[in-house]
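> here are the coordinates; sequence isn't available:
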Ligand code: PGA
């Protein structure tokens, strides 16, 4: 991490877990455990139906709320979809876009992700853009190419002035929910490449200011080491975020590394 130039972000991706009736207890515990957190922005991303409850539960502290997806369309006849403007109206500040589960299970393409990124940036939302290679791509030695394509496509048409609001999350697909983590060196190398892509597109100053996260089986045990990589500025955490105490330990690790 390099707090001199950019924010540290520790984000919980609850995926399709937790219940609305569990939000209050979770929030109470997390707030108590992270009250001393100084150096990192904490974000909790629940399913749509829990957004108002999560936002309300964290209203009196600095923990932010994020959605896990949104529509690329502004408004209209899109049954079942949720727009950027609807999220902003709820005072939501973050949205995860292009998660590999959305790409693999719901057919999201680089083009859809790009449209969503542009739609999010047209409002006040901060997109957390997920990129990452499959196991096959890693084994074939095309990780850098795959990630470069995803990052460049996601950022196509994004103006320099909006880049500081963008967060990129490197999540190797083979490490998500599998208990397998990329080594800190592997993860650090890809995050360093992502920063180099941003440098080529937007210049050195902007690339230094963009927050890049690692995600994929990050937990209380491995967080410190992953976060010690200079280009990893935080984490996007799935399974380990479902327990407030484990999630708080990851926040602690981020604070220690920054102190
Ligand atoms: P995981 O999920 O921490 O359970 O691997 C991370 C993610 O998919 O964002």
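Perfect, I can see it now. As the structure is a prediction and not an experimental result, all values here were calculated from the model.

> point me to the residue of this protein nearest the ligand.
Closest residue of the chain to the ligand, Cβ to the nearest ligand atom: residue 238 (2.3 Å). Where you see a C-beta, it was placed from the backbone N, CA and C, and this is true even at glycine.

> how about that residue: what's its closest non-neighbour residue?
residue 13 (5.0 Å; Cβ to Cβ, 6 or more residues apart in numbering).

> please apply the same query to residue 131.
Nearest residue to residue 131 in three dimensions, chain neighbours excluded: residue 150, at 3.9 Å (Cβ to Cβ, 6+ apart).

> flag every buried residue along whichever helix or strand the one you found is part of.
Under the criterion of DSSP states H and E, residue 150 resides in helix 143-155. Within helix 143-155, the residues that count as buried by 16 or more other Cβ atoms under 10 Å are 143-144, 146-148, 150-155.

> ok, now stretch 133-143?
133-134, 137-138, 143.

> pLDDT of it, averaged?
Stretch 133-143 shows a mean pLDDT of 95.

> that stretch near the ligand anywhere?
No. Judged by Cβ under 6 Å from any ligand atom, stretch 133-143 and the ligand are separated, with a smallest distance of 13.8 Å.

> what's that stretch in contact with?
With contact meaning Cβ atoms under 8 Å, 6 or more residues apart in numbering, stretch 133-143 is reached by 146-147, 172-174, 190.

> which residue ranges form the helices in this protein?
Using DSSP state H, the helices found in the chain span residues 23-34, 51-57, 84-89, 100-105, 110-121, 135-139, 143-155, 184-202, 204-209, 223-227, 244-258.

> does the ligand sit close to the fourth one?
Yep, that's helix 100-105 we're talking about. No. Shown here: helix 100-105 not in contact with the ligand (Cβ under 6 Å from any ligand atom), separated by at least 6.8 Å.

> in that helix, what's buried?
Buried, per 16+ other Cβ under 10 Å, within helix 100-105: 100-103.

> dump these to CSV, plus pLDDT.
Listed next are the buried residues of helix 100-105 as CSV, based on pLDDT from 0 to 100:
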residue, pLDDT
100, 97
101, 97
102, 98
103, 97
